[in-house]
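> next comes the sequence, and after it the predicted model I'd like to discuss.
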Amino acid sequence: MTLEISSTLVKELRQKTGAGMMNCKKALQETNGNFDEAIKTLRQKGLASADKKVNRKAAEGLVNSYIHTGGKIGVLVEVNCETDFVARHEQFQDLVKNIAMQIAASSEVIFIKTEDIPQTFFDKEKEIELQKNDLSNKPNDIREKIILGRVGKTLKTLSLLNQPFVRDPSITLEEVIKEKISFFGENILIKRFTRYTLGDE
């Protein structure tokens, strides 16, 4: 017997995840109406299907600006998708606005993703960690693991996609984008961004 799911719950799950109505209903049925588990199921399925699309060419999209309250922080960002149809969609436009807000809120971010970080930057961070006194008495193999762990953590703080999403810190910005990739069936990527802070050189 299939569990009957209320349309209100399905609609709420759709608004939360951006997934289609039928997918939301099916996820709720599979998890016996457990809302949090249904979100997890949709994310797992969505991320799996989104990963297949991330290498497809995306040449349409939007350039958006965001000025933070008080006018002391400003952002310009270009987000690409595959078709003009998606670029004009309200959910895509909301995503671009949220990405711009994310950049404004992420003062340490320099790169879009960790793969963009140059090897020289990695080597410099590793050298800094090597000089720290708290590692001097550790065996070499343990010390190397600790250093790589610390450097990896630092690099994630510099990567936009690794940031906790401003509207839901339980997920990263990368997961939000992959949910939209799954929803639209198109690749979506952040092409470039600039963050302006009043008084910076």
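Structure's in. What do you need? Since this is a predicted model, take the numbers as computed values, not measurements.

> count of neighbours near residue 195?
Residue 195 has 19 neighbours, counted by other CB atoms under 10 Å. The way it works is simple: take the backbone N, C-alpha and C, and place the C-beta from them, glycine included.

> same deal with the one 3 residues further on?
Here the count is done by other CB under 10 Å, and residue 198 has 10 residues near it.

> pLDDT value on it, please?
What the model reports as pLDDT for residue 198 is 89.

> enumerate every residue touching it.
Neighbouring residues of residue 198 by CB atoms under 8 Å, 6 or more residues apart in numbering: 71, 72, 73.

> and the residues you listed, which is the shakiest by pLDDT?
residue 71 (89).

> tell me the SS of that residue?
Under DSSP: H, G, I helix; E, B strand; the rest coil, residue 71 falls in the coil class.

> same deal with the one 5 residues further on?
Under the three-state scheme (three-state DSSP), residue 76 adopts strand.

> what's the closest non-adjacent residue to it?
Distances taken as CB to CB, 6 or more residues apart in numbering place residue 194 nearest to residue 76, at 4.8 Å, with adjacent residues excluded.

> pretty sure that neighbour sits in a helix.
No. Applying three-state DSSP, one finds residue 194 to be strand, outside a helix.

> what is the neighbour count of residue 117?
18.

> tell me the contacts of it?
By CB under 8 Å, 6+ apart, residue 117 lies in contact with 111, 155, 158, 159.

> and stretch 75-89, which residues are buried?
Neighbour counts over stretch 75-89 (16 or more other CB atoms under 10 Å) mark 75, 77, 78, 79, 80, 81, 82, 86, 87, 89 as buried.

> where does the protein have low pLDDT?
By pLDDT under 70, the weakly predicted segments of the chain are 1-3, 17-20, 45-57, 135, 201.

> domain parsing of it, as residue ranges.
7-51, 60-112+158-197, 118-157 (automatic domain parsing).

> contact partners for residue 61?
78, 79, 80, 81, 87, 96, 188, 191.
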